[in-house]
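>>> Any chance you can model this:
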Amino acid sequence: MGNERIRLITRGDDCGSSKSANRGILEAYKEGILKNTSVMAVCPALEDAAELLAGERELCF
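Residues are numbered from 1 along each chain as shown. This is a model prediction of the structure:
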């Protein structure tokens, strides 16, 4: 095996689906667990997600 590194890619799904999902995604991002998320644009918490995550420049949507 040598110097091989294991890499894990994480993604926060369903941003915008609920306020709790939005907050979970923000928390996971701030803890360094994820760097990207999918956005559900027709869901009830889309505006909450936009307001909550607007300043997070390194989070990829």
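>>> which helices and strands does the longest helix along the chain pack with?
Among the elements of the chain assigned as helix by DSSP state H, the one spanning the most residues is helix 19-30. On a contact count with 3 or more Cβ pairs under 8 Å, 6 or more residues apart in numbering; DSSP states H and E, helix 19-30 meets strand 12-15, helix 46-53. C-betas here are computed from N, CA, C, even on glycine.
>>> Go through these and pick out the most buried.
Across these, the average number of neighbours (mean count of other Cβ atoms under 10 Å) peaks for strand 12-15, which reaches a mean of 20.
>>> okay, and for the chain, where does confidence drop off?
1-2 (pLDDT under 70).
>>> before we move on, back to that, please identify the buried residues of the helix or strand just after the longest helix of the chain?
Sequence order places strand 37-39 as the next helix or strand after helix 19-30, per DSSP states H and E. Under the neighbour-count criterion of 16 or more other Cβ atoms under 10 Å, strand 37-39 has 37, 39 buried.
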